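Chemist: Just a sequence and a predicted model for now, questions to come.
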Amino acid sequence: MRAAIATSFDADEPLNGLTIGEHPDPTIPDGWIRVQVKAASLNHHDVWTLRGVATPADRLPIVLGSDASGVLEDGREVIVHAVIGDASGGDETLDPKRSLLSEVHDGTLAEYVTVPARNVIDKPGFLTFEEAACLSTAWLTAYRMLFTKSGLKKGDTVLIQGAGGGVATALIQLAHAAGFTVWVTSRDEAKREYAKSLGADEAFEVGAKLPGKVDAVMESVGEATWSHSMRSLRPGGRIVICGATSGPNPPADLNRLFFLQLEVVGSTMGTREEFEALVKFLGDTGLRPQIQQVFSLADTDKAIALMAAGDIRGKLVIVP
């Protein structure tokens, strides 16, 4: 089959490790199924893999990609759940051996992908294959942050740090649709305006003094915005963090943490049940992921170059 494959690592020039070509057809272990991929989408995880961050060298070559939609051999249209883990305890994200597709097992940037049978959900008719392929990582991460971890209620105010990335874009759209007051930050004026077009009520410079305190902060930036996130919370407020792209070790500010009784909650991806709830939410609200551009599999290098450059407004979709 044709696939986009990580064959080596290069921290400075990630495209040097990308090969687009033939790859062995996937085997189908007991309890797994094969999905014919109709659409897949990129995440920063794919760039990190090519830089040598997300996957050990002894697993190369490995097919890139975590997100996909497609068709089973019986014609059933499905969306792939990217978290491979033991769900017997009720939450596969807590399995210490969990992985994302393209970390241990071949990913979705290919004509076919194999996954455990429980790792597909039905694709509803109201989503195109391209839209459905955008949901498994960024959108599921955002859904869990807002609806499982944040404690927010309709009418509450949420601050989303670092507008522009895939998770932040999904957070803005989901939070607006849920009836929250949505504030975002970005260093880039164009991204602040883009955030408003997605539903943000206000957009501010990073670190700016806000008109008031917020009920929760959605944090994926880390060191560069952490102090601002802590200062922005009302007493008893909560930070939900899913990443730390600017660094993992900000000042803890423990005095503020205990005196104001703040909460810091980690959040990673989501469960199959949360994925189904996300898809239902899209159906109920009419919300759809923003797609910036659709590429052929042969042009995956162009899509990854865009992702690595960082100027993304919406998802980048690959159609095999």
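Modeler: Ah, there it is.
Chemist: Would you state the strands of the stretch 101-250 of the chain in chain order?
Modeler: Using DSSP state E, counting those that start in this stretch, the strands of the stretch 101-250 of the chain run over residues 112-116, 120-122, 157-160, 181-185, 202-204, 214-219, 233-241.
Chemist: of these, which approaches Thr49 most closely?
Modeler: Nearest to Thr49 among those is strand 112-116 (15.4 Å), distances taken as CB to CB. C-beta here means a position set from N, CA and C on the backbone, and glycine is covered the same way.
Chemist: what's that closest one packed up against?
Modeler: Applying 3 or more CB pairs under 8 Å, 6 or more residues apart in numbering; DSSP states H and E, one finds that strand 112-116 contacts strand 32-41.
Chemist: what angle separates the strand it packs on from strand 112-116?
Modeler: 120 degrees (axes from the mean of the first three to the mean of the last three CA atoms, to 10 degrees).
Chemist: residues in contact with strand 32-41?
Modeler: Residues from elsewhere that reach strand 32-41 (CB atoms under 8 Å, 6 or more residues apart in numbering): 26, 28, 65, 67-73, 78, 80, 108-117, 120, 128-130, 132-134, 294, 315-320.
Chemist: Could you do stretch 97-110 as well?
Modeler: In contact with stretch 97-110 (CB under 8 Å, 6+ apart) are residues 1-4, 6, 23, 26, 37, 40, 45-46, 49, 54-55, 59, 62-68, 80, 82-86, 92, 113-115, 137, 269, 297, 300, 318, 320.
Chemist: Equivalent analysis for stretch 188-208, please.
Modeler: Residues from elsewhere that reach stretch 188-208 (CB under 8 Å, 6+ apart): 160-164, 168-169, 172-173, 175-177, 181-187, 210-211, 224-225, 228, 290, 313.
Chemist: Just the buried residues from the contacts of stretch 97-110, in ChimeraX please.
Modeler: To isolate the buried ones among the contacts of stretch 97-110 in ChimeraX, judged by 16 or more other CB atoms under 10 Å, type:
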select :1,3,4,6,23,26,37,40,45,46,49,54,55,62,63,64,65,66,67,68,80,82,83,84,85,92,113,114,115,137,269,297,300,318,320
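Chemist: Helices - which of the contacts of stretch 97-110 land there?
Modeler: Applying DSSP state H to these, the entries found in helices are 45-46, 49, 300.
Chemist: how about the residues you listed in a markdown table, adding pLDDT and distance to Leu101?
Modeler: Output for the ones in helices among the contacts of stretch 97-110, formatted as a markdown table (pLDDT from 0 to 100; distance: CB to CB, whole Å):
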| residue | pLDDT | distance to Leu101 |
| --- | --- | --- |
| His45 | 94 | 10 |
| Asp46 | 97 | 11 |
| Thr49 | 97 | 11 |
| Thr300 | 98 | 16 |
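Chemist: quick one: which of these is nearest Tyr143?
Modeler: Checking those against Tyr143 by CB to CB gives His45 as the nearest, at 17.4 Å.
Chemist: my guess is that closest one contacts Thr141, does it?
Modeler: No: using CB atoms under 8 Å, His45 is not in contact with Thr141; the gap is 10.8 Å.
Chemist: Among the contacts of stretch 188-208, name the ones in helices.
Modeler: When the contacts of stretch 188-208 are checked against helices (DSSP H), the matches are 168-169, 172-173, 175-177, 224-225, 228.
Chemist: out of the contacts of stretch 188-208, which are buried?
Modeler: Applying a neighbour-count criterion of 16+ other CB under 10 Å, the buried members of those are 160-164, 168-169, 172-173, 175-177, 181-186, 224-225, 228, 290, 313.
Chemist: Turn the strands of the stretch 101-250 of the chain into TSV, including distance to Leu278 and mean pLDDT.
Modeler: Output for these, formatted as TSV (distance: least, CB to CB, whole Å; pLDDT from 0 to 100):
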stretch	distance to Leu278	mean pLDDT
strand 112-116	18	98
strand 120-122	10	98
strand 157-160	17	98
strand 181-185	18	98
strand 202-204	25	97
strand 214-219	16	98
strand 233-241	16	98
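Chemist: could I get those strands as TSV with distance to Thr285?
Modeler: Formatted as TSV, the strands of the stretch 101-250 of the chain follow (distance: least, CB to CB, whole Å):
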stretch	distance to Thr285
strand 112-116	28
strand 120-122	18
strand 157-160	17
strand 181-185	14
strand 202-204	22
strand 214-219	19
strand 233-241	21
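Chemist: Nearest to Ala305 among these would be which one?
Modeler: Of all the strands of the stretch 101-250 of the chain, strand 112-116 comes closest under CB to CB, at 23.2 Å.
Chemist: my guess is Pro124 contacts Glu276, does it?
Modeler: No: counting by CB under 8 Å, Pro124 stays clear of Glu276, with 10.3 Å between them.
Chemist: for the ones in helices among the contacts of stretch 188-208, which one is nearest Gly151?
Modeler: Closest approach between the ones in helices among the contacts of stretch 188-208 and Gly151, by CB to CB: Ala175, at 13.4 Å.
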